[in-house]
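[1] with the sequence up front, the predicted model follows.
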Amino acid sequence: MKYVKNHKGYALLLVLFLVVVFVGLSAVFVAASFNNAKQESTVDVRNQSVVAAEMGVKYNINNLMNEIKILNQDYKNFMNTSLNTLVDKATAVTTAKDNNLPLPNGMSTAACSVFYSNVHINDWIDCETKEIERAGVDMYMSEVNRVYADLAPQENRVDSKTKYELMPLAVNLVFDQATRRIEIPLSVQGKQNASVKNLNAKLIVTIPDHTSETNDIVIKTILSEKETVDRIFIPPNDNTTICPTQASEMTSGVCKYTGTNLESYLASLPDPSKVSIKVEDLCYAVKDKTKCNLNILDGSGGTVYIKPSNQTVNVDNLNNLEDISMYVDGDLIIKNSNSADNNTIVSRSYSFHVSMNLTNSNLVVLGNEAKTGYIDWKSTGKSVTVSTNSKMCINLNGISLANSSDLTDPSILSGNGKLILYPGRTDMDKLPAAVEDKIIYMNDFVAFLNECNVNTSGLPEGHSMKQFIDSTSEIEATVDYGN
């Protein structure tokens, strides 16, 4: 076998082979680079369309939120005004009802007229409050729908190649009554050249609740002090019923006593605390008519309302009187009242011939509008002592200080007895200075009456309703990017 021993030219072939290989590889790498650049360009275009869509979502949500803020203020003003107007209406209606006057016209909505016409005031107020809440929600929804409708499809350019557009949505807004939430959908399309991206967003708005959860406004009849005082001397649920001859038949309520032995009748009642007895002539009604004595009587929590025809009740003695409330719509003149315990005696004026010692009792002077009421015990050496757990209560607006005994005299108070005065006055030279837990001035008339154990159940109780409270709207936004 012969071998070629001449190797000239191999190097050239090898170099040409390597050149071909490197050129081929370079072509592959260049092609790959171009392909990668093209892919990156496509991704960038797509990203730009997403960014454009996001800008559109943000722009439209901000516009909506600004409109909602304005709407919230308008809604707040509507609810505040409407509820305050209802308070005024309810006060007028309650005052008319409690004074037995015709109910004013034009106060009720048609939806609540059935309660109004039947004088069911609490039900009427609740109904009107719900109508206000419903009208407020309707107004809010109407405005949100208007704002939403104003969001007409529009195109906004970011630059010459990029834009976003609000897309039309033929949908009805969803309102969840339980949560008070409104869903507002949005669809925005972002474009970068031929690349398109749609984003769906949702704005959730909670309608503020401007009514309190509980009824905490009390609508009360507007009564003057005169009307209040006059009502104190009238039994709650007053009527013209004559008391039955047999006291055992009078189990509760109000009746007028026309008999001649009030002491025996009170003692025979099954439960005196549930009965109010009306009497015109006390001296005729009691057993001892000559001296008009009402002694040694255990009232067992009963109440006697006395309305004398001549405005004066002149009683010789009220000794050993226990556990009774007496309301005298006139001037009460008493000779003695000793060893009496756990009583409340209310009158227009008081005069004591000899002495009175209050123990566990309340003596209340309410006077009258003409301020001719008085309390007198010192003009002829008479004396009164307010002692153990007792109170002397005086309505200064109803009496004449000039015709009354010196209230600055410290001898009337003994032990833990108290002097309760209504209201604070400027002519303090005729009045004692306040002393803690001893001499007390009060400026709330009903609170003064309650402090002195005066029965105020005959006064209008009032009606309650929800009040306006400040509240803010919750707004949240979500975006669905899809795939």
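    Received, thanks.
[2] how far away is Lys69 from Val205?
    Distance of Lys69 to Val205, given as C-beta to C-beta, to the nearest Å: 11 Å. Quick note: C-beta positions are derived from backbone N, CA and C, even for glycine.
[3] and stretch 273-284, what's buried?
    By 16 or more other C-beta atoms under 10 Å, the buried positions in stretch 273-284 come out as Val275, Ser276, Ile277, Lys278, Val279, Asp281, Leu282, Cys283.
[4] more neighbours: Lys69 and Val205, which one.
    Using other C-beta atoms under 10 Å as the criterion, Lys69 and Val205 rank with Val205 on top: 24 against 12.
[5] secondary structure element for the more buried one?
    Using DSSP states H and E, Val205 sits within strand 195-206.
[6] got it, and Val144?
    helix 121-149.
[7] can you list contacts of the helix or strand following that helix?
    Per DSSP H and E, the first helix or strand lying C-terminal to helix 121-149 is strand 155-157. The contact list for strand 155-157, computed with C-beta atoms under 8 Å, 6 or more residues apart in numbering, reads Gly56, Tyr59, Lys163, Tyr164, Glu165.
[8] state the distance from the first one to Tyr164.
    Read it as Gly56. Using C-beta to C-beta, Gly56 is found at 3 Å from Tyr164.
[9] circling back: which one of the buried residues of stretch 273-284 sits closest to Leu318?
    Set against Leu318, the nearest of the buried residues of stretch 273-284 by C-beta to C-beta is Leu282 (10.6 Å).
[10] rewinding a little: find residues that contact each of Gly56 and Tyr164.
    Among the neighbours of Gly56, those also in contact with Tyr164 (C-beta under 8 Å, 6+ apart) are Asn156, Val188, Gln189, Gly190.
[11] so, low pLDDT: which residues of the stretch 251-400 of the chain?
    Applying pLDDT under 70 to the stretch 251-400 of the chain flags residues 378-382.
[12] can you give me the strands for it?
    253-256, 275-279, 297-306, 312-317, 321-341, 344-359, 362-365, 375-376, 383-386, 391-395 (DSSP state E, counting those that start in this stretch).
[13] ok, back up a step: and the strand holding Val205, what's buried?
    Ser195, Lys197, Asn198, Leu199, Asn200, Ala201, Leu203, Ile204, Val205, Thr206.
[14] that older thread, can you tell me which of the shared contacts of Gly56 and Tyr164 are in strands?
    Among the shared contacts of Gly56 and Tyr164, the ones falling in strands (DSSP state E) are Asn156, Val188, Gln189, Gly190.
[15] want to throw those into TSV with pLDDT, distance to Thr85 and neighbour count?
    Listed next are these as TSV, based on pLDDT from 0 to 100; distance: C-beta to C-beta, whole Å; neighbours: other C-beta atoms under 10 Å:
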residue	pLDDT	distance to Thr85	neighbour count
Asn156	70	44	15
Val188	81	43	25
Gln189	80	48	19
Gly190	78	49	26
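[16] any chance of these in JSON lines with distance to Thr260 as columns?
    Formatted as JSON lines, these follow (distance: C-beta to C-beta, whole Å):
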{"residue": "Asn156", "distance to Thr260": "99"}
{"residue": "Val188", "distance to Thr260": "95"}
{"residue": "Gln189", "distance to Thr260": "100"}
{"residue": "Gly190", "distance to Thr260": "102"}
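[17] for these, which one is nearest Ser414?
    Nearest to Ser414 among these is Val188, at 86.7 Å by C-beta to C-beta.
[18] thinking again about what came up before, mind putting the strands of the stretch 251-400 of the chain in CSV, distance to Glu263 included?
    Output for those, formatted as CSV (distance: least, C-beta to C-beta, whole Å):
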stretch, distance to Glu263
strand 253-256, 16
strand 275-279, 11
strand 297-306, 5
strand 312-317, 13
strand 321-341, 10
strand 344-359, 16
strand 362-365, 21
strand 375-376, 27
strand 383-386, 24
strand 391-395, 26
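[19] out of those, which gets nearest to Val87?
    For the strands of the stretch 251-400 of the chain, proximity to Val87 was assessed by C-beta to C-beta; strand 391-395 is nearest, at 28.9 Å.
[20] so the closest one versus strand 344-359, what angle?
    Counting by axes from the mean of the first three to the mean of the last three C-alpha atoms, to 10 degrees, strand 391-395 points 140 degrees away from the direction of strand 344-359.
[21] what lines up beside strand 391-395 in the sheet?
    In the sheet, strand 391-395 lines up against strand 362-365 (parallel), strand 418-422 (parallel) (DSSP bridges).
[22] quickly compare these and say which is most buried.
    Sort the strands paired with strand 391-395 by mean neighbour count, taking mean count of other C-beta atoms under 10 Å, and strand 362-365 sits at the top with a mean of 23.
[23] who's in contact with it?
    Residues from elsewhere that reach strand 362-365, judged by C-beta under 8 Å, 6+ apart: 343-350, 356, 373-375, 384, 386, 390-395, 398-399, 449, 452-454.
[24] let's see 7 Å
    Strand 362-365 is touched from outside by 344-347, 349-350, 373, 375, 390-395, 399, 452-454, with contacts defined as C-beta atoms under 7 Å, 6 or more residues apart in numbering.
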